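1. Sequence plus the predicted model coming up.
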Amino acid sequence: MTRASVTIGGQKVAPGSRATVLLPVPDTFLRQGSAMPVHVFHGRREGPALFVCAAIHGDELNGVEIIRRLLRLKRLNQLAGTLYAIPIVNIYGFMANTRYLPDRRDLNRFFPGKEGGSLASELASVFFENVVRKCGYGIDLHTGSNHRRNLPHIRGDMEDPAVLSMAEAFGAPLALDLSGMEGSLRAAAKDSGVRVLLFEAGEPLRFDEFSIRAGLRGITSVLESLGMLPAGKRKRRQVPLQIATDRAWCRAPASGLFRAVAKLGQHVGQGEVLGTIHDPFGGRSTDLVAPRDGVIIGDQSLASVYKGDAVMHIARFDAPRQAQASVDEYSEMVMDARMAR
């Protein structure tokens, strides 16, 4: 039996073909027309439907580059099922180099959205109704926010066996068991029966080659695990997934200029000095001390801090030294690996 076409935005995509569909979204104030491009790969063979999206926050660039490289893979000619790739969801924030929409709303608090609501609700609805509801699975690509960097890691509902399986296939060494805040894409997707994995890596407004390679590697691994792509000729090395039991931000005890001594991915013990906050005028310095054992999965990239600022993000693991070892092995593996084409 011939596989049916898929229809998105009023455009049909036949089996064995690909298309770029422009979903209309509200105009900018210049009234020149605006659209959200969606790349659709509709395989000849039956299989799952999965979306990969980036730039829900407009200043998060790594995911845009990950999807650009994904679109160039010749392996997608062998795709089973349907892949929807959306490089930029928040086109307004992307054009302005900002995380938010023009009205300062965070798009990732307004899913599934609705017509006739705020700009955030309208944009969320366009994406959710035309893409997310058509899929069984999704991968949402993010970076840190507001001058913060994230170690590559996975977030998702690890109590869901399907999400856990995707996380293990993705291959990142660390994961946070989080179901998503109300209004987030993950939470709204879960309510609609769509399993979504979130990949966090890098910082806003910057490309990071390691994070990009890790993301592309992870996406293709998930596609293989779902049977949407044939397995590569060489079996990929994987590291055991370490799932955090808890997490917390270490906050600045004083204002000043921060010099870190601890690094992303490092295991730290409770009471260990993570860095020092100096008075720029030569006065008293204050140490930033780890409030718990764990692994650093995020930090602030700016030197200037105010008292109370979230400076380092520490995740707790049952075996923190093994978590650091997995991070170290993964780092070598991603940078040394020859990317599949």
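-> The structure has been received and is ready for your questions. For clarity, every value in this text was computed on a predicted model and none was experimentally measured.

2. Which SSE is immediately downstream of whichever strand or helix holds Arg68?
-> Using DSSP states H and E, Arg68 maps to helix 62-71. Counting by DSSP H and E, the next helix or strand C-terminal to helix 62-71 is strand 80-86.

3. you'd agree Glu272 is up against Val261?
-> No: the criterion here is Cβ atoms under 8 Å, and Glu272 misses it with Val261 at 9.3 Å. Heads up, the C-betas are built off the backbone N, CA and C, glycines and all.

4. Between these two, point out the one with more neighbours.
-> Glu272 (15 against 12; other Cβ atoms under 10 Å).

5. can I assume Gln324 sits in a helix?
-> Yes: assessed by DSSP: H, G, I helix; E, B strand; the rest coil, Gln324 belongs to a helix.

6. What is the neighbour count of Gly218?
-> Count around Gly218 with other Cβ under 10 Å applied: 25.

7. burial count for the nearest residue to it once chain neighbours are set aside?
-> Nearest residue to Gly218 in three dimensions, chain neighbours excluded: Phe170, at 3.9 Å (Cβ to Cβ, 6 or more residues apart in numbering). By the criterion of other Cβ under 10 Å, Phe170 has 26 neighbours.

8. Quick check: the gap between Phe170 and Pro87.
-> Distance of Phe170 to Pro87, given as Cβ to Cβ, to the nearest Å: 19 Å.

9. Same question for Gly43.
-> 20 Å.

10. returning to that earlier point: okay but the residue nearest to Gly218 is in contact with Thr220, surely?
-> No: look at Phe170 against Thr220 with Cβ under 8 Å: they stay out of range, at 9.8 Å.

11. From Asn62, how far off is Phe210?
-> Counting by Cβ to Cβ, the gap from Phe210 to Asn62 is 10 Å.

12. Who has more neighbours out of those two?
-> Neighbours per residue (other Cβ under 10 Å) separate Phe210 from Asn62, with Asn62 holding more: 29 against 16.

13. you'd agree that one is up against Leu141?
-> Yes: shown here, Asn62 and Leu141 form a contact pair, counting by Cβ under 8 Å, at 6.9 Å.

14. Just give me how far stretch 270-282 sits from the chain centre.
-> 31 Å (Cα atoms, centre = their mean, to the nearest Å).

15. Using CSV, list the CA coordinates for it.
-> Provided in CSV are the C-alpha atoms of stretch 270-282 (Å, rounded to 0.1, in the frame of the first residue of the first chain):
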residue,chain,number,x,y,z
GLN,A,270,30.4,20.4,49.8
GLY,A,271,32.4,23.3,51.2
GLU,A,272,34.9,23.4,48.2
VAL,A,273,35.9,26.8,46.9
LEU,A,274,34.4,27.3,43.4
GLY,A,275,36.0,30.7,42.9
THR,A,276,36.4,34.1,44.5
ILE,A,277,34.4,37.4,44.2
HIS,A,278,36.8,40.4,44.3
ASP,A,279,36.1,44.0,45.1
PRO,A,280,37.1,45.8,41.9
PHE,A,281,38.5,48.7,44.0
GLY,A,282,40.9,46.4,46.0
